[in-house]
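Trainee: attaching a predicted model along with its sequence, questions to come.
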Amino acid sequence: MSTTQLLGAGIYTVPEASRLTRVSAARIRRWLKGYDFKAKRARHHSNPVWTGQFGALEDKLAVGFKDLMEIRFVRAFLEKGVNWKTMRAAHLAAKAKLGTDHPFCDHRFATEGRAILLHEAQASGDTCLTNITTDQREFTQIVTPFLKELEFDDGVARWWPLGRKRLVVVDPVRNLGQPTVNRSGVPTRVLARSVQTNGSIESVARWFEVAPEEVRDAVEFEQTLAA
C-alpha cells in the first residue's frame with residue numbers, strides 16, 4: 001500500500017480503536033491477529049476473524065477505518081448473545097457472499113445480511129442468531145443504527161457518530177481518520193480538552209475560530225467515549 005493510500009485509509013493504534021469502539025484492546029488484537037490457546041492439554045490456534053487493512057506497521061498492529069467499522073458491528077452481534085464460533089462462520093459467509101474483507105460495514109449487508117446470517121444460524125443451531133435473523137425488527141434494530149451513521153461512496157466512506165445532522169465526522173481522509181468537526185476540520189479531542197481546561201465553549205470557539213455548535217458537538221462526542 002502506497003503512502004497516499006495509507007493516508008486515505010485512516011490509521012489508528014489499537015488503544016485508539018479501543019477508545020472509539022469500546023471494545024477492549026486485547027479483543028481487537030485477537031480478532032485481527034488470531035491467538036493461541038490451550039484445550040485438553042493441547043495448544044490450538046484461532047485464526048483472525050478478518051484480514052486487517054494494514055497488518056503491522058513498524059512492528060505494531062495498525063487498525064484501518066474499515067476495520068474500525070467492522071469491530072463495531074462484530075461487537076453489536078456478540079453483545080446480543082451470538083455464539084463466537086457462529087459469529088466467525090457468519091462473517092466468513094458474508095465475506096464470500098459480498099466479496100469483501102469487511103462485509104458487515106458494506107451497504108449491501110442491510111439487504112442481504114439477514115439471509116446470510118440465517119443460513120449460518122440454522123447450520124449452527126445458534127438460537128440468538130436465529131432470533132436476530134428471523135425477527136425483522138430485531139435485525140433492523142442492530143443494523144440500521146450503524147448504517148444510518150455511515151456514508152457510502154464506493155464503500156463505507158465516513159462515520160457520523162452523532163448522526164448525519166450533527167457536526168462530528170470520522171473521515172479516513174481527514175486527520176488520519178481521527179474524529180473531527182466537519183466544517184473547520186479541528187479534531188474533537190483538541191476542542192474538548194480546551195473546554196475542559198478553560199471551561200467556556202464560547203471562548204474556545206473564538207480561539208479556534210470555529211462555530212460554537214462545533215465545539216458543543218465535539219464536547220458531547222468526547223463525553224460519550226468517556227462514559
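Mentor: Sure, I can see it. Numbers count the residues shown, from 1 in each chain.
Trainee: what helix or strand is the residue most central in space within the chain located in?
Mentor: By Cα atoms, centre = their mean, the chain has its centre lying nearest to residue 69, at 2.5 Å. Assigned by DSSP states H and E, residue 69 falls within helix 65-79.
Trainee: distance from the centroid: which residue in the chain tops it?
Mentor: Quick read of the chain (Cα atoms, centre = their mean): farthest out is residue 41, 35.6 Å.
Trainee: and the pLDDT for that one?
Mentor: Looking at residue 41, its pLDDT stands at 78.
Trainee: repeat for the one 3 residues further on
Mentor: Predicted confidence (pLDDT) for residue 44: 79.
Trainee: how about the secondary structure of it?
Mentor: Assigned state for residue 44: strand (three-state reduction, DSSP: H, G, I helix; E, B strand; the rest coil).
Trainee: repeat that for residue 100.
Mentor: coil.
Trainee: isn't it up against residue 106?
Mentor: Yes: judged on Cβ atoms under 8 Å, residue 100 makes contact with residue 106 at a distance of 5.4 Å. (Glycine included, C-beta is placed from N, CA and C.)
Trainee: quick one: the helices in this protein?
Mentor: In the chain, the helices defined using DSSP state H lie at 3-7, 14-21, 25-33, 65-79, 84-98, 109-124, 127-134, 136-148, 188-198, 201-208, 212-226.
Trainee: switch the ones you listed over to TSV; also include distance to residue 51.
Mentor: Shown next, in TSV, are the helices of the chain (distance: least, Cβ to Cβ, whole Å):
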stretch	distance to residue 51
helix 3-7	16
helix 14-21	16
helix 25-33	8
helix 65-79	9
helix 84-98	9
helix 109-124	18
helix 127-134	23
helix 136-148	21
helix 188-198	29
helix 201-208	39
helix 212-226	27
